[in-house]
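Undergrad: This is the structure alone, sequence omitted:
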C-alpha cells in the first residue's frame with residue numbers, strides 16, 4: 001500500500017506514542033514524504049532541545065528503501081484550489097500546509113496516515129486516522 005505520511009504521524013511514530021501507528025511504518029508499505037512535511041518537521045526540530053537526535057531519526061527514515069519524497073507540481077496547485085474552495089464553502093478551514101499535503105495525496109492517489117482529524121474535512125481524501133488515545 002502507498003501511504004503519505006503526515007507530520008503528526010511521523011512525530012508520534014518518532015516518540016513511540018502508538019503501537020497501531022508503528023505497524024504502518026513497516027517495510028511492506030511504500031511511504032511517501034512530502035517536502036512540506038519534512039519542512040514542518042525541521043521547523044519543529046529547530047525550536048526543540050533534541051534537534052540533533054530528531055534530525056538523525058528523520059534522515060534514517062528518509063534513507064529507507066521504501067520511502068520516497070515528493071514535491072509540488074502544477075497539478076498540485078489545481079488540487080489545492082479545489083480543496084480550498086470546498087473547505088471554504090463548508091466553513092471548515094484547515095491549515096494551509098495541511099491543504100497542500102491533502103492536495104499531494106489527491107494528486108497522487110495516496111492514503112494519508114495521520115493522527116490529525118482535520119484531514120477528515122477534505123472530501124474524497126483517503127485516510128488512515130490513528131487515535132492515539134486507544135493505545
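TA: Yep, it's here. From a predicted model like this one, the values you see are computed outputs, not experimental measurements. Numbering: from 1, shown residues only.

Undergrad: Which stretches in this protein count as helices?
TA: 7-15, 19-24, 35-47, 51-62, 74-90, 96-108 (DSSP state H).

Undergrad: on contacts alone, who are the packing partners of the third one?
TA: So the one you mean is helix 35-47. Secondary-structure packing of helix 35-47 (3 or more C-beta pairs under 8 Å, 6 or more residues apart in numbering; DSSP states H and E): helix 7-15, helix 51-62, strand 67-70, helix 96-108. In this view, the C-beta of every residue, glycine as well, is placed from N, C-alpha and C.

Undergrad: who's in contact with residue 125?
TA: Contacts for residue 125 (C-beta atoms under 8 Å, 6 or more residues apart in numbering) come out as 102, 105-106, 112, 119.

Undergrad: where does it land on pLDDT?
TA: On pLDDT, residue 125 comes in at 98.

Undergrad: Test for you: state the pLDDT assigned to the most far-flung residue of the chain relative to its centre.
TA: Distance from the C-alpha centroid of the chain, by C-alpha atoms, centre = their mean, peaks at residue 89 (24.0 Å). With respect to pLDDT, residue 89 scores 97.

Undergrad: residue contacts, the nearest residue to residue 79 once chain neighbours are set aside?
TA: Distances taken as C-beta to C-beta, 6 or more residues apart in numbering put residue 103 closest to residue 79, at 3.8 Å, once the chain neighbours are dropped. Counting by C-beta under 8 Å, 6+ apart, residue 103 makes contact with 76-77, 79-80, 83.

Undergrad: Let's have the residues you listed in CSV, adding pLDDT, neighbour count and distance to residue 38.
TA: Listed next are the contacts of residue 103 as CSV, based on pLDDT from 0 to 100; neighbours: other C-beta atoms under 10 Å; distance: C-beta to C-beta, whole Å:
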residue, pLDDT, neighbour count, distance to residue 38
76, 98, 19, 16
77, 98, 12, 19
79, 98, 21, 19
80, 98, 19, 18
83, 98, 22, 21
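
Undergrad: For the contacts of residue 125, which two are the farthest from each other?
TA: Farthest pair in those (C-beta to C-beta) is 106 and 119. Separation: 10.9 Å.
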